[in-house]
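In: Sequence and predicted model, in that order:
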Amino acid sequence: MLPQIQYDKVLLGKMKSNYFNAKALYETIKANAEEIQRKVLAENEFYETEDIAKRMEKRGGDGKPKRILDPDLTYMMDLDNELPRFIDLCYPEYVKAGIADSRGKDYIPEANAKDLMYEAEKQLVEYGIDIIPDEFGEKETLRKAVQMIKYRDKILDLVLRLESGEVENYAENN
């Protein structure tokens with residue numbers, strides 16, 4: 001007979017709560033930051049560097065620097081001159097929205113929330129490995145495997161499927 005998995009459903013419920021709430025916080029802050037960045041890019045002109053435009057010409061572009069309107073493309077602007085100006089324009093808006101990182105404008109608004117989400121994810125994955133019965137003898141293999149995103153995501157998915165105590169929405173408790 002196969003050994004049964006024994007685990008604390010209340011603890012797992014709290015860990016799931018931490019993870020889901022941290023993920024929601026991260027996604028909310030990230031979405032707000034992207035909205036601010038889109039607004040700043042729409043109201044101010046930022047362009048690709050000449051070097052980027054030349055590289056894009058090899059991929060079918062016309063070789064002329066294009067205006068940047070997508071926050072995901074800000075790496076294409078001049079990182080020494082334009083990026084600091086872009087950050088200087090975004091930061092006061094982050095502060096107004098209440099999403100600025102407490103460490104200052106050198107950090108993206110969602111940095112702390114992302115760290116929090118990854119820590120909650122890491123705890124869930126570690127717990128998932130810890131509750132596997134020792135008789136299977138695969139814990140160390142799994143601990144190594146979770147260094148790869150594909151396997152970490154699979155273990156996370158399996159742990160999230162386990163029955164647990166109540167999963168709380170921390171926003172409702174305020």
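Out: Sure thing, it's come through.
In: CA only for contacts and neighbour counts going forward, please
Out: OK.
In: just checking, next helix/strand downstream of the helix ranked longest in the chain?
Out: Longest helix in the chain by number of residues, with DSSP state H as the criterion: helix 9-43. Using DSSP states H and E, the helix or strand that follows helix 9-43 in sequence is helix 50-57.
In: How about residues contacting that following helix?
Out: Residues outside helix 50-57 that contact it (Cα atoms under 8 Å, 6 or more residues apart in numbering) are G61, D62, G63, K64, P65, K66, M76.
In: Go through these and say which is closest to I36.
Out: Top of the list for closeness to I36, among the contacts of helix 50-57 and by Cα to Cα, is M76 at 18.4 Å.
In: What ranges in the protein fall below the confidence cut-off?
Out: Within the chain, the ranges that satisfy pLDDT under 70 run 1, 173-174.
In: thinking again about what came up before, please convert the contacts of helix 50-57 to JSON lines, extending it with secondary structure.
Out: Output for the contacts of helix 50-57, formatted as JSON lines (DSSP: H, G, I helix; E, B strand; the rest coil):
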{"residue": "G61", "secondary structure": "coil"}
{"residue": "D62", "secondary structure": "coil"}
{"residue": "G63", "secondary structure": "coil"}
{"residue": "K64", "secondary structure": "coil"}
{"residue": "P65", "secondary structure": "coil"}
{"residue": "K66", "secondary structure": "coil"}
{"residue": "M76", "secondary structure": "helix"}
